[in-house]
Every structure is written in structure tokens, then in C-alpha cells.
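[1] 3D model of this:
(chains A, B and C)
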Amino acid sequence: MLLFLPELIILISALILFLVSLGTPSEKTLRNIVLCLTGLLLLVTLTCINNKGTLFFAAYQIDLYSQLFKLLIAAATFIVIVFSGNTPGIGQRIRAEYYMFLFTGLLGLMMLVSSVELLAIFISLELSSFALYIMVPMRQSSGAHDYHLESGIKYLLFGVMATGFMLFGMSYLFGLTGSTYLKDIIPSISYLYNQPAAVTGIIMVMAGFFYKLGLFPFHFWVPDIYEGAANETTSFVAAIPKLAAVALLIRLLAMVSVDGQILVNLLLLCSICSMFYGNLSALAQKDVKRILGYSGISHAGFILFGLLTFNLEGYSNALYYTIGYAAMTLTCFLTICAATPNGNNLKLEDLKGLHGRSPLLALTFALGLFSLAGIPPFVGFTGKLMILINAFKQGYVVPVILAALNTAIAIYYYLSMVRLAYCSDDSKESVMVSDGWSNKSLALLLVLFIITMGIFPTWFLDMAATVIGATV
Amino acid sequence: MATDCFFHPSLILIAGALVLPLIRGPFLKPYLFLIPLLTFGQVVYLSFSPGIYGQVSFMEWSLTFGRIDNLSIIFSIIMGLMAIIGTLYGLHVKNCWQHFAAWFYVAGSIGAIYSGDYLSLFLFWEIMAFSSTFLIWFNRKDTDSQAAGFRYLLVHTFGGLLLLMGFVLRYQATGSIEFNLLDYENAQIYTWLIMSGLMLNAAVIPLHSWLPDAYSKATITGSVFMCAFTTKTAVYTLARSCAGFDILIYLGVGMAVIGIIYALLENDIRRLLGWEIISQVGYMVAGVGIGSALAINGAAAHAFAHILYKGLLFMGAGAVIYCTGRSKLSELGGLHTNLPIILVFMVIGGISVSAFPFFSGFVSKSMIIAASFKAHFNSVAFLLTMVSAGTFLVAGLRLPALIFFGEQKSDFTDALPESKIPWNMLLAMTIASLLCFAIGTYYPILYSLLPYQDISYQPYNQYHLSETLQILAFTALAFFLFHKKLTAVAGTYLDIDWLYRKGGTIFQWLAEHPVQWFDTLWGKVYRVVGLYSLMTTAKFWSWFDWHGIDGLIDGSARGVKQFGTVIAKALQRGQIQYTISFTITFVALILLAFIWL
Amino acid sequence: MKQLIDFFKDHPTLARLIFFGTIGGVVIWSLTTDTSHGHSWVEKHIPAFWSIFGFISCLVLIFFARWFSDSGIRKGDDYYGD
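    Residues are numbered from 1 along each chain as shown, chains lettered A, B, ... in the order given. Model (predicted):
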């Protein structure tokens, strides 16, 4: 019971929100309810961090690893909820439902990080995906953007395709090993990992997580969904499913080892392609969320690159980088949400003169982008450095050079956003920025976190190594 | 002395910059003056107690943030000094983010000078590159400054990447990230990578063309900062890691010659001065390449003197642009009546750079030339002397002549009079001029700071004086005879940057076309294949649903309905007595089942 | 300063006289200088070597620069489209 407490809380929260949605709650009540529920969830995940045990015939494992991820997911959600304010992008009529689906998706993600059995993984992944499929088109229609429906369908179609792949792969794995439990599959598959059937199976299973993480070649949904969904939804999609996907990828990658050359090369190719694709495409964009979408693709490539060293150091670097990435992205999305109180998309020109309208938010945005660009001393730099150096030690010379080149390319579009925010005059029709104390303090907190993580990475990396070492 | 209470001067600037946006009103100007002053004070204070400070362990490495020794002291002091002069010069600027960027820039420079390992060096290196980019972007008057900022960023990112790859490879090979003299005898690929990375910032050919481009596009105050820090910090790092690398001698001489040739042609004031920086830094790079104690002393001294007089020249040029709004020599001229004080400052800067006796260039430049004679690089020494004649030709004669004398090529009635120049700009220029003169006259203040104190060098002897005066006199004669050849011609002078200014378009095209094309294509594929097939299958299924499934379902539905009717007819007859009896029967049955089970 | 410049502008002959006088003075002084400290053979054995060197240097630089600029390195002012 206690082991399942965080999930239970979410379930109850979703129910509460369902009940709320039957009535017509005022904007303020709803927001307070959601804030309380998320805050409660955060507290509960924090208290449950040291739980250990298994549930549901050992298909569901609760350990420090899963609990840490749950904590991270809860914290990230809390941040999104706080800065999305009154969710101007979502119509007042369906706001309660929106939150209900958000919690359902959250439930799926939380279950995902604990799942150690293929069907459990599948079910939790679907649970989270279905909620998101619905959340994406739940955007207030306005003249400026009316393709949220299209992007919702797009998201669904790609998701279904990825799921199809994953199920197919799972059936292969089951056929090859006769078990759906990861703990049985991993030792059995390790004899087979150069066999075409096993390679196909593993790749296909990973497809599902590649999709969540937005990795090449399952990334095509990313820019459209980022642009089409409401700013709040995008913030959620950009940061939180990625945490869960990385958690599961680390578990799954135990199936592969450095000896499985075909697989490693294939994954390496995916990672490098992600970086190039994301960074090059981002150069030509005009919409801030779209740029961040493309940058997300390249960052996902980086995370995968860290994982591909198949050692503890690599995994903890990737985890460190993912946490950092979530923090950086949230920092940027905080500014985006704050700069668009009307829920519209943020065009590049809208950034003009941001430093005059809200100095603190402009600074936060700049620091978040600096960090994403990998400029010292922020976490983006430290994370990239660690990943590159570790990969270098493993002898990946050419990929490291390609990755380093990518960081150089990326600097352009990040800095060009900073340039617009700082080096241009205010445009006349620019909207006001909603920078209440909650946004301001949150911005400060996130920036401090990014800097602390960047300057004192040792503690975080040690923690990541301990947590992962106990699991993998 | 104070070994355990090391406080990094960069931190003062960084903290000062972070607080700066909050400072308002009458406190702003004193604050702007105070922070660089404190920084300079801290730098000077630290220079009294050389040693290794600020060692921090970061991951598996030990970082050194405070290596204070003879070489870093002189460079850090001049950087601190220039921070004061530069900020003073820009005191009237309202946009506090300009000061913000400038202070971060200086902090990066001092930090790089103090760092004892590649990682912290890289950290400050990048801070310098990025903050200085903003000094270009802040120039809203020039429409090209945005693009110029991107070009600058492109080049410096590339340089940072070279440095990064170099030191990571070196770490891989040697297991050390200490920033010390590299091994020239057994140079590896990482040695060249590191050297190229540092060279790029020193604007060594062929990695030089970012400099005139960027410095001519920066804001007026921004270019005063930029002309001092990037290249001279790079000279320091080269002196630290690449001293005695022969190749640098030839590159340095090449820089000196090419720089002065372009400066002889150039039409934009600040581009001209930028080319002259390349030329002057060429002396320092050559000095570093010679690597003897005297040569390193010369490079350090020249960097020190150069920062002051070049700062002065850029301040003067900035004042001319401030007043007239023009920066092309072909549009200036005859300004000696409008801006006589600026003329004096520019001439002081010009004769300092030309190594006039009693001015700072005289006591520093000659040291490098003497060192090259001493190391038997006679051709190097002669070439550098030739360039020094050219320097006088450019900065001492051509520049003032074209700005202040001759006919007025534009209408300056709308130009600001000299009295409108803010006092702080004039004060900064006065300080710089006085320092140029002081160093040239009482040279021990400079020489006591030099890294190698056991080398004695005496600039003022009869032979050296006569040599310098002859060169200067005959340069003036040559100018007198051929100044028609040196008039300003409007035009762009091609350089290596052609490769990326024209090549950059290719890159942009690549990003915009094939990649974007693929992305759009994918969207189309999705639309055509995905949606179309979806709709087709949907249609099929809807047909199937209608005709196939529904037949089945409807059949069963009819069955259920009939069954329901039967049940309803059988059970729900509407007659109360039957209903009650049925109910009781059901309850009885349930109860029975419960008891029996 | 302004008066000084205007004074010389009004008296060009005087300015020229001072200019050439200074150059002559420098050359004469250089002939009396002890050149034994010179670094190379040319300095020690050619009288007023640095005068010749300085003058030739300038000619080389000026004419090379001119030739260089005319050899196609100079383009229109808006070559890069700015």
C-alpha cells in the first residue's frame, strides 16, 4: 500500500479533478486544488524515496532508482503547474479535464519508471501517451494558431506507430527468451545480441522510448507538437516524459553491451543524426517553441550518446544531463509562458526588448539558453563535457568530434535568441509579461539549480552513480 | 602574505555586474567607477604575494583559479587598469547591459590570465568570447553589427572548439590539464590544436580577419574594451604555453607586415586601427616565438604599452565617430578646427605606437627587436623595424592627416562640437595619454613589472635614439613625398574572411534548404501517406463497420432486443401481484444460494 | 593648438624649413653616433644606415600596398551587401 502511495495519490487526484470537472469551478479554486494536489504529490514522493519492494508479481519494482525518478517527475510537474499559472492556453470550460488528463499521464509516467516487465512497461507507456494525445489538442482556438488539432492527430499517429513497433519488438523478445520480465530477458538475450532477431527486437522495443525522448528517427512529431500544443502542454511534454524515457532506456540498455557492435553502431548513428538534425533545423526556425523542439531533439541525441558508453559513468552522466536538461528546458519554458499571458505562441520577434519589459525573466531566459548552448559554468556545459570526455575515454573519437561540432552549431540559435532579448528595442505591440512573485522566485530557483549543478557536479554524479549502480 | 584568503578579482567584477541592473540614479556613476577600481586594487594587492591560490577540485581534476606569478602579474595589472579607463570612458552610456557585458568580458580576461589549468582557462575563454559578442550586438547604429556579431561568434566558437579538442586530446594522452609550457620538440596534434585555438584569439594569420571586422562594428565604448582584452590575453596564454615555438616568429612577422599593409589601405578608422592591432600583436607573437627572456619581457612590455596607446587611439576614434557620426576616412578630413583636443590625443596615441622617444612604444617595441637581433634572427629584426616605420606612417601620419587635415569631405555642420563630448571620455583619454607618456619617460615603472627581472635592458642610449629618429624622420619624408598614394579610397579590402562571409551563406543555405526541405518533405509524406492512408483505411473500416460488423451486431442487437422484449413481456407485465411474486422469488433464490453456499 | 596649426598653414615655407632642418639635423647627428653597438655589418659600415633603411621601407610598403590594392583586393564599398 505504502509502496504504491505516490501512484495512489495521483489516481485520487485524477478522481478529484474528475469530480471537480462535473461542476463549474472558478479559475482560482481549480488552480488552488491543482497546486495543492501537486504539492502533496511532491511531498509524498519525497517521503517515499527510500521505499523498497516489488508489487504485482514482481512486475513493478520500487527502489531508490524508481523513487528518485518519481521525485524528479513530481518536482518537474510541480514547476510546470506553478509557472503555467492560469493556463491561458486552455479553455476555461475544459481546464479541469485538462488537469485530469495531466494527472493520468503523470500516473503512466510514474508507473513507467517502476515497471520491470514488458507488459507493465507497455501499459504504463500507453497510459501516459493516451493522456498526452488528448492534452495536445486541448488548446484554446484562436486565429493565431489553429493547428493544435492537426498536431494532436500527428502525435497520435506517430505514437501509434511507435507503439506498434514496440509491441512487435516485445513479442520478439518474448519469443526469444520465453519471459516478459526484464530480469530474465537480460541474461538470456546477452547470448544472442548479435543475432538479427534479437537486434530487431531490442531496437523495436527501444523505438517506443525513442519516440518519447524525441530521438531520430522517431522525432518528427517533436517540432509540430511543440508548436501546436498550448505552451503549458509543451512545457510538460518537453521535460517530463523525457525523464521517464531515460529511466527506462537505462534499464533496457542493460540488454545491450559494447560487444553488440551492430546495435551500438546503430544507436550511435541515431544519436549523431539526432544532434545534426535538431541543430541544423533549428537554425532556420522563427518560432521559439519550435526552436526548443529541435534543440530537444539534439539534446536527446546527446543523452543517448552518454548512455552508449555502457558503463556506470556514462549512465550517471546521462542521468545528470537529463536532470540538467529538464531544469534548463523548464527555465526556458517558464519565460515563454510568462511572456505570453494570452497563451499565444512566442515568435522570435516577440522576444525583442524583453530585457526592458522584465529584466529578471530576460536574464533567466538568457541563462537557460546559455546553459542549453553548453556555455560554462552552467549544467549544460558540465554535462556535455562529462559525456564527451567519457565517450572519448571509450575510444569514440569521431563521434566525439561530431558532437563537439554540434555544440558549436547550437550556440548560434541559442545566442540569437539572447541577442533579440537584449540587443533590440522594444517592439510597439509587445504584450506585457506576467512576472508575479511566484514566477520570479521560481526563475531564481531554477537558475540557482542550473548553476549549482554546473559548478558542483560531483554530488549529483555520485548520487546518480549510486542510484544506477544499485539497479543496473 | 595572505595565502588562504584569496579573492578572485574577476569575482568582484562579476558580482558587480550582477548587482549593476539594480543600481539607479545618482549612485550609478560612482558605482561604475568603484567596481573596476576595487578590481584593480585586488589585482595589485595579489601581485604582492605571488603563488598558487584558489585550487578547487572539480570532478577528477584539480582546477587552479589563481596562479599569480611574474608573467600573470603584469598582464593582470594592465587588464585591471584598462578596465578602469574603459569603464570611465563609457560612464555616460545609459544602457547598463553594456557595462554588464564589458565587465564580464574583463572578468573573463583576468580569469584566463590567472588560471593554471586548461579547464578554467576554457571557462574564462568562453566568457570572454560570449560577453564581447554582445558589445558588438549592442551597436544599433550600424545595421551590419548584428551580422558582424554572428561572424565574430562563429570564429570564436571555432577557436574555442580547437582549444577544447586540443586540451581534451592532451588530457587523454598525458592525463594532465595543467596549463604550462607545451613540449615543442615532441609536438603532437594536440599541441597544434591548442596553439591554433590560442592563436585565433591573438588574431595570428591566417586566423586574424575577425578582428578588424568585429572591432569596427562594435559600439564606441565596446571597441575600446575589445581592442585591449582578447588579443593581449591570448598573447599571455601563448607566452605561457608556446614560448619558443619557432613557427610563431614567422607568423608574427607575417602579421606585422600584412597588418600594416592593410592599415595603409583601409578606409574605416576602426578597421584601420584593427589592422594595426594585428600588426602590433605580430611583434608580441614574434617575441613569444623567439622565447628568450628578453623577448618574453619585450612581448609583455609591448602588450602593456600597447593596451594603453591602442586604447587611447580607439577612444580618440570613438570620440570622432561620436561627434561626426562618420567612421570612413573618405568622409572625414579637416577636423582640426572642430576637434583640436581629440587631435592632440590621437597624435599622442599615434606617436606612442610609432615608438617616438619619451613615449611608451619606444621602451617596449625596441626590446623585441633587440631580442631578435640577439637571437640572430636578423631578417626578423629588419622586417620588424620596417613595420615600425610603417606604423608611424599609418598611425602617426596617415590617420591624423586624413581625419584632421586636408579638405573637409563632408558637411560637418550637424556634427557635435567638442564641448559636447562627455567629460568622462576626455578624462579617460587624458589618463591614457599621461600613462603613455609616463611609461615612455620613466620606464622603470613598466620594467619593474616584467617577468624576467634579471635581464637588464636600457632603451635610452645614443645609438638607439639616433636609429629611431632617423627612421621616423625619413618616414615623415616619405609621407611628405608620397602622401598622395595613401589617401583614403572608399572600398572593401578582401581578406581571408571572404571565405566565411561568402562561405557563411553556403552554410546558412545548407541549414535552410536541404535540411528544412527534408523536414518539410517529411511533413508532406506524413500528410499524403499518413493521413491519406489513414483516411482510406478509415473509409474502408467505416464501410466494413456499416455493412459487415453492423450486420452482425445489428443481428445480435435485434436478438438482444427481442430477448429483452420477451423478458420484459414475461417479467414486466405491469401487474403488481406478478411483479411482487417475481421479486420475492429472486430474493428467496439469492438468500437460498447465500445460505447454501 | 589651433593657432599653431593655422600659423604653420599661413607660413608653409617656414614649416618646410623646420621639417627639412629637423631631418638634416637627425642625419648629421647620426653620422656622429658611435655605430659599434650595431647588431649587424650594415649598421656598422653604412653611414646613416637607418635613414636609408627607413626611407626604403616606406617606399616598399607604400608601393606594395598600392599594387596590392590594385591587384583586385579592393572591391566596392558594399561588396558584402552591407
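
[2] could you use CA atoms for every contact and neighbour count after this?
    Fine.

[3] so what touches the helix or strand where B:Val43 lies?
    According to DSSP states H and E, B:Val43 maps onto helix B:28-47. Here helix B:28-47 makes contact (C-alpha atoms under 8 Å, 6 or more residues apart in numbering or on different chains) with B:7-10, B:12-13, B:16, B:23, B:68-69, B:73, B:76-77, B:80-81, B:83-84, B:87-88, B:91.

[4] helices - which of these land there?
    B:9-10, B:12-13, B:16, B:73, B:76-77, B:80-81, B:83-84, B:87-88 (DSSP state H).

[5] got the CA coordinates for stretch B:322-342 in PDB?
    Only the C-alpha atoms of stretch B:322-342 are listed here, as PDB (Å, rounded to 0.1, in the frame of the first residue of the first chain):
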ATOM      1  CA  TYR B 322      30.700  60.200 -31.500                       C
ATOM      2  CA  CYS B 323      30.900  63.700 -32.800                       C
ATOM      3  CA  THR B 324      30.600  63.300 -36.500                       C
ATOM      4  CA  GLY B 325      28.700  60.100 -36.800                       C
ATOM      5  CA  ARG B 326      31.100  59.000 -39.500                       C
ATOM      6  CA  SER B 327      33.800  56.400 -39.500                       C
ATOM      7  CA  LYS B 328      35.100  56.400 -43.000                       C
ATOM      8  CA  LEU B 329      38.200  58.300 -43.700                       C
ATOM      9  CA  SER B 330      36.900  59.200 -47.200                       C
ATOM     10  CA  GLU B 331      34.100  61.100 -45.400                       C
ATOM     11  CA  LEU B 332      36.200  62.900 -42.800                       C
ATOM     12  CA  GLY B 333      39.000  65.400 -43.000                       C
ATOM     13  CA  GLY B 334      39.800  68.900 -41.900                       C
ATOM     14  CA  LEU B 335      38.500  68.400 -38.400                       C
ATOM     15  CA  HIS B 336      41.400  70.100 -36.600                       C
ATOM     16  CA  THR B 337      39.300  73.200 -36.200                       C
ATOM     17  CA  ASN B 338      36.400  71.200 -34.800                       C
ATOM     18  CA  LEU B 339      38.200  68.700 -32.600                       C
ATOM     19  CA  PRO B 340      41.600  70.100 -31.600                       C
ATOM     20  CA  ILE B 341      41.800  68.200 -28.200                       C
ATOM     21  CA  ILE B 342      41.000  64.900 -29.900                       C
END
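
[6] which SSE is B:Thr64 in?
    B:Thr64 belongs to strand B:61-68, assigned by DSSP H and E.

[7] show me what that strand is packed up against.
    Using 3 or more C-alpha pairs under 8 Å, 6 or more residues apart in numbering or on different chains; DSSP states H and E, the elements in contact with strand B:61-68 are strand B:51-58, helix B:96-114, helix B:118-137.

[8] is any part of the longest one close to chain C?
    Read it as helix B:118-137. No - applying C-alpha under 8 Å from any C-alpha of the partner chain, one finds helix B:118-137 out of contact with chain C, separated by at least 15.4 Å.

[9] are that helix and chain A in contact anywhere?
    Yes - on the criterion C-alpha under 8 Å from any C-alpha, helix B:118-137 is in touch with chain A at B:Leu123, B:Glu126, B:Ile127, B:Phe134, B:Trp137.

[10] from what I can see the third one touches B:Trp103, true?
    It refers to B:Ile127. No - using C-alpha atoms under 8 Å, B:Ile127 is not in contact with B:Trp103; the gap is 10.5 Å.

[11] residue of the stretch 251-400 of chain A nearest chain C, please.
    A:Ala284 (20.6 Å; C-alpha to the nearest C-alpha).

[12] that residue: neighbour count?
    Other residues near A:Ala284 number 18, with proximity taken as other C-alpha atoms under 10 Å in any protein chain shown.

[13] can you pull the residues of chain A lying near chain B?
    So far as C-alpha under 8 Å from any C-alpha goes, chain A lies against chain B at A:157, A:220, A:277, A:280-281, A:283-284, A:375-377, A:389, A:393, A:401, A:404-405, A:408, A:412, A:419, A:423-424, A:456-458.

[14] ok, now with 6 Å
    Chain A has residues A:Leu280, A:Ala284, A:Pro376, A:Cys423, A:Thr458 near chain B, with proximity defined as C-alpha under 6 Å from any C-alpha of the partner chain.

[15] could you work out the most separated pair of these?
    Within the residues of chain A next to chain B, A:Ala284 and A:Thr458 form the most distant pair, 36.9 Å apart (C-alpha to C-alpha).

[16] give me the neighbour count for A:Glu349.
    If we define neighbours as other C-alpha under 10 Å, then A:Glu349 has 17 of them.

[17] ok, it to chain B distance?
    15 Å (C-alpha to the nearest C-alpha, to the nearest Å).

[18] picking up where we left off before, out of the residues of chain A next to chain B, list just those in helices.
    Mapping the residues of chain A next to chain B onto helices (DSSP H) picks out A:Leu280, A:Thr458.

[19] let's have the residues of chain A next to chain B in CSV, adding pLDDT.
    Output for the residues of chain A next to chain B, formatted as CSV (pLDDT from 0 to 100):
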residue, pLDDT
A:Leu280, 82
A:Ala284, 77
A:Pro376, 76
A:Cys423, 74
A:Thr458, 86
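
[20] from the residues of chain A next to chain B, which single one is nearest B:Asp144?
    Nearest member of these to B:Asp144, counting by C-alpha to C-alpha, is A:Cys423, at 13.3 Å.

[21] the closest one and B:Arg140 touch, don't they?
    No - if you go by C-alpha atoms under 6 Å, A:Cys423 and B:Arg140 don't touch, sitting 7.8 Å apart.

[22] ok, these two, which is more surrounded?
    Remark: of A:Cys423 and B:Arg140, A:Cys423 carries more neighbours, 24 against 16, as counted by other C-alpha under 10 Å.

[23] for the more buried one, grab phi and psi.
    phi -100, psi 20 (degrees, to the nearest 10).

[24] pull the contacting residues for it.
    The neighbourhood of A:Cys423, defined by C-alpha atoms under 6 Å, 6 or more residues apart in numbering or on different chains, consists of B:Trp137, B:Phe138.

[25] the residue in the stretch 301-450 of chain B positioned nearest to chain A: helix or strand, and which one exactly?
    For the stretch 301-450 of chain B and chain A, the shortest gap (C-alpha to the nearest C-alpha) falls at B:Tyr322, measuring 19.7 Å. For B:Tyr322, the element it lies in under DSSP H and E is helix B:293-324.

[26] and the next helix or strand past that helix?
    helix B:340-353.

[27] what's the closest of the residues of chain A next to chain B to A:Val20?
    A:Ala284 (43.6 Å).

[28] quick one, what contacts B:Gly166?
    B:Tyr190, B:Leu193, B:Ile194.

[29] filter those residues down to the ones in helices?
    Of the contacts of B:Gly166, the ones assigned to helices by DSSP H are B:Tyr190, B:Leu193, B:Ile194.

[30] could you report the separation of the residue in the stretch 201-350 of chain B positioned nearest to chain A from chain C?
    Across the stretch 201-350 of chain B, the shortest distance to chain A (C-alpha to the nearest C-alpha) belongs to B:Thr219, at 11.7 Å. Taking C-alpha to the nearest C-alpha as the measure, B:Thr219 falls 17 Å from chain C.

[31] what bits of the chain have low per-residue confidence?
    Picked chain A for this. A:1, A:142-146, A:193-194, A:255, A:257-260, A:426-435, A:472 (pLDDT under 70).

[32] not what I meant, chain C
    Those would be C:81-82, if you go by pLDDT under 70 across chain C.

[33] ok, 80 please
    Where chain C drops to pLDDT under 80, the residues are C:1-3, C:33-45, C:72-82.

[34] near chain C, which residues of the stretch 201-350 of chain B show up?
    Residues of the stretch 201-350 of chain B lying close to chain C (C-alpha under 6 Å from any C-alpha) are B:Ile261.
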